[in-house]
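Participant: coords please:
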Amino acid sequence: METLPPVAQRSADALAVGTGVHRAAQAAAALTIGSVVTLGIFYAIGEPWGTLNDGITIALAAATVPIAVGVARQSGAQPSSISVPSPMSPGQSPRSASRPC
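Facilitator: Got it, this is the predicted structure:
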């Protein structure tokens with residue numbers, strides 16, 4: 001077996017995802033093409049192509065979920081909580097934070 005340079009090995013490892021992710025990526029690609037085509041027809045002709053485009057776009061959004069999950073599993077990412085820092089200093093009320101200094 002041929003040894004790949006480090007960058008090529010990382011690229012090859014990044015592509016080593018499951019079959020479900022490959023199928024979801026293929027579906028997303030096909031849906032993207034369908035969305036562009038139906039959007040063009042909608043602009044040229046009108047309805048019902050806009051409604052069809054909306055449906056395809058929703059399906060496209062759903063097709064990207066398995067891709068995101070597969071990539072997250074591949075990278076070893078762990079779910080975490082999101083912490084948003086407060087713009088106020090401790091003990092400061094919301095009203096005093098909005099007043100100019």
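
Participant: where are the low-confidence patches of the protein?
Facilitator: Applying pLDDT under 70 to the chain picks out residues 1-18, 77-101.

Participant: in it, which spans are helices?
Facilitator: 6-14, 19-44, 49-75, 94-98 (DSSP state H).

Participant: quick one: contacts for the residue lying closest to residue 49 once chain neighbours are set aside?
Facilitator: Distances taken as C-beta to C-beta, 6 or more residues apart in numbering put residue 42 closest to residue 49, at 3.7 Å, once the chain neighbours are dropped. C-beta here means a position set from N, CA and C on the backbone, and glycine is covered the same way. Under the criterion of C-beta atoms under 8 Å, 6 or more residues apart in numbering, the contact list for residue 42 reads 49-50, 52-53.

Participant: Going through those, which ones are buried?
Facilitator: Buried subset of those (neighbour count, 16 or more other C-beta atoms under 10 Å): 49, 52-53.

Participant: how far away is residue 49 from residue 63?
Facilitator: Relative to residue 63, residue 49 is positioned 20 Å away (criterion: C-beta to C-beta, to the nearest Å).

Participant: With distance to residue 21 as added columns, please give the buried ones among the contacts of residue 42 in JSON lines.
Facilitator: Converted to JSON lines, the buried ones among the contacts of residue 42 look like this (distance: C-beta to C-beta, whole Å):
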{"residue": "49", "distance to residue 21": "30"}
{"residue": "52", "distance to residue 21": "27"}
{"residue": "53", "distance to residue 21": "25"}
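
Participant: List just the nearest of these to residue 73.
Facilitator: Proximity of the buried ones among the contacts of residue 42 to residue 73 (C-beta to C-beta) peaks at residue 53, which lies at 31.4 Å.

Participant: pretty sure the closest one is touching residue 38, no?
Facilitator: Yes: using C-beta atoms under 8 Å, residue 53 makes contact with residue 38 at a distance of 4.1 Å.
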